[in-house]
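Asks: pasting the sequence and the predicted model now:
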Amino acid sequence: MIMRWFPQGDDSVPIEYIRQVPGVCGVAVMLSKIPVGEVWPLEDVLGVRDKVRAAGLEMEVVESVNIHEDIKKGLSTRDRYIENYQTTIRHLGRAGVKCLCYNFMPVMDWARSALARKLPDDSTVLSYRDAEVRAWNPAEVARSMIGESRGFSLPGWEPERIPAMAADIEFYQSVTQDEYWKNMKYFLDAVVPVAEKSGIRMAIHPDDPPWELFGLPKVITNLENIRKFLALHDSKANGITLCTGSLGAEQKNDLPAIGRELAAADRLPFVHLRNIKHLTARDFDESAHLTPCGDNDMFAIVKALYDAGFDGYIRPDHGRMIWGENARPGYGLYDRALGANYILGLWEAVARITPRS
Ligand code: DNO
């Protein structure tokens, strides 16, 4: 069990507090100040690792090593950025990192219409209203999200990218799904062998939300596409991050079945457990992690992972903002600590009822 943590002064949560969350033994880090496409320098990576270790935790997972848009667009300039990515992977391997979570979403990372919607108990959550998002242009979505981010960086929403967003969206209108998948394969064929040699398993994050927005290509949205993705480059180092909040936004997705298949195939290095509550098929609020608080059957998901032999990293994903905490939206300490211990409780119960042989 790990938690996400932003080093280099970019988190409200001191690393020492994370160590006090029972059962949490490590963190997933992101060097949020390195511009997208540039190398994560070895000395920075080692420096962060040493700080994490000094706090009694492990840094075996990194998250949001973001991919330069030229790679996703398939431009001739992509090779330089791919080389940088390969160098970053080697640096991470030297620091003992074992799992790299990234996404291949064009232009934007996850999209929400509000980052602090109030629930009846006065906690606040990230929320998504389809019509509101579609009524904006992507730069407006970005400005709204950054405006509500309480001064913290939002992974995948770097303010310097806003000016290019309109042109990027325009560019993708003439990129077919097939071409986009080819660009992804080109990237995988170049980086997965480097990851293998570096002792790292790549774990792509699903698209969030997992449906079409602004005419952009979509990739990791359901089991069919996940299978197609895994076949693009057949290697244990080419895996998936099962994010139950992202894939669960599409209610047709059977999360326990997806988890079971991926864990059994040993293509699941990382799991993000989050719950969400739908208002309609395309409108939802994030919720507390407990099954009754949302639409995801968290018990069934944990049981499916356990039964299929899952032995990767797991972290509570976004939590609510509670108890007056002021933190990066989705990443307050309190609700994620509750979530981590709820998930650990489910795991313990399942494991004690059905011991693994
Ligand atoms: C949302 C996160 C994502 C994820 C990236 C990985 O909070 O799960 O931002 O880290 O998509 O690149």
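Replies: That came in fine, so what should we check first? Worth saying up front: this structure is predicted, and the values here are computed from it rather than measured.
Asks: make it CA atoms for all contacts and neighbour counts henceforth
Replies: Noted.
Asks: and the residue of the stretch 101-250 of the chain closest to the ligand?
Replies: At 3.4 Å from the ligand, Tyr102 is the closest residue in the stretch 101-250 of the chain, using Cα to the nearest ligand atom.
Asks: touching, that residue and His68? I think so.
Replies: No - if you go by Cα atoms under 8 Å, Tyr102 and His68 don't touch, sitting 11.5 Å apart.
Asks: shared neighbours of these two, which are they?
Replies: The contact sets of Tyr102 and His68 do not overlap (Cα atoms under 8 Å, 6 or more residues apart in numbering).
Asks: so Gly309 makes contact with Ala265?
Replies: No - if you go by Cα under 8 Å, Gly309 and Ala265 don't touch, sitting 9.7 Å apart.
Asks: quick one: name whatever helix or strand follows the strand or helix carrying Arg80.
Replies: In the assignment (DSSP states H and E), Arg80 maps to helix 78-94. Going down the chain from helix 78-94, the next helix or strand is strand 99-103, by DSSP H and E.
Asks: who does the most centrally placed residue in the chain bridge with?
Replies: Centroid-nearest residue in the chain: His205, 5.0 Å away (criterion: Cα atoms, centre = their mean). Taking DSSP bridges as the rule, His205 bridges to Asn103.
Asks: could you report the pLDDT at it?
Replies: If you check His205, the pLDDT there is 98.
Asks: for Ile18, same thing?
Replies: 98.
Asks: correct me if wrong: it contacts Ala28.
Replies: No - counting by Cα under 8 Å, Ile18 does not reach Ala28; the two are 11.5 Å apart.
Asks: so what sits against both of the two?
Replies: With Cα under 8 Å, 6+ apart, Ile18 and Ala28 have common neighbours Met3.
Asks: got the residues of the stretch 201-350 of the chain near the ligand?
Replies: Proximity of the stretch 201-350 of the chain to the ligand, by Cα under 6 Å from any ligand atom, involves residues His205.
Asks: how many neighbours does the nearest residue to Glu286 once chain neighbours are set aside have?
Replies: Nearest non-adjacent residue to Glu286, counting by Cα to Cα, 6 or more residues apart in numbering: Ile276, 4.2 Å away. As a burial measure, Ile276 scores 25 neighbours (other Cα atoms under 10 Å).
Asks: tell me which residues in the helix or strand containing Ile276 are buried?
Replies: Here Ile276, judged by DSSP H and E, is contained in strand 275-280. Neighbour-count burial for strand 275-280, counted by 16 or more other Cα atoms under 10 Å, picks out Asn275, Ile276, Lys277, His278.
Asks: so who does the second one touch?
Replies: For Ile276, the contact set (Cα under 8 Å, 6+ apart) comprises Gly245, Gly248, Ala249, Phe284, Asp285, Glu286, Ser287, Ala288, Cys293, Gly294, Asp295, Asn296.
Asks: in the sheet, who's paired with Val280?
Replies: Careful, residue 280 is Thr and not Val. Asp283.
Asks: show me what secondary structure element comes after the least confident helix or strand in the chain by mean pLDDT.
Replies: Taking mean pLDDT, DSSP states H and E as the measure, the helix or strand of the chain with the lowest value is helix 138-147, at a mean of 88. For helix 138-147, the following helix or strand on the C-terminal side (DSSP H and E) is helix 162-172.
Asks: now do that following helix, average pLDDT.
Replies: pLDDT averaged over helix 162-172 gives 91.
Asks: buried ones in that helix, by neighbour count?
Replies: Residues Ile162, Met165, Asp168, Ile169, Tyr172 are the ones in helix 162-172 that count as buried (16+ other Cα under 10 Å).
Asks: how distant is it from the center of its chain?
Replies: Taking Cα atoms, centre = their mean, to the nearest Å, the mean C-alpha location of helix 162-172 is offset from the chain mean by 23 Å.
Asks: now do stretch 287-305
Replies: For stretch 287-305, the distance to the chain centre is 18 Å (Cα atoms, centre = their mean).
Asks: tell me how far stretch 30-48 lies from the chain's centre.
Replies: With Cα atoms, centre = their mean, you get 18 Å for stretch 30-48.
Asks: try stretch 245-264
Replies: Worked out by Cα atoms, centre = their mean, stretch 245-264 lies 15 Å from the chain centre.
Asks: now stretch 116-127
Replies: Centre-to-centre, stretch 116-127 and its host chain are 21 Å apart (Cα atoms, centre = their mean).
Asks: flag every buried residue along it.
Replies: Ala116, Arg117, Lys118, Ser123, Thr124, Val125, Leu126, Ser127.
Asks: so the last one makes contact with Lys118?
Replies: In other words, Ser127. No - contact criterion Cα under 8 Å: Ser127 and Lys118 do not qualify, at 9.6 Å.
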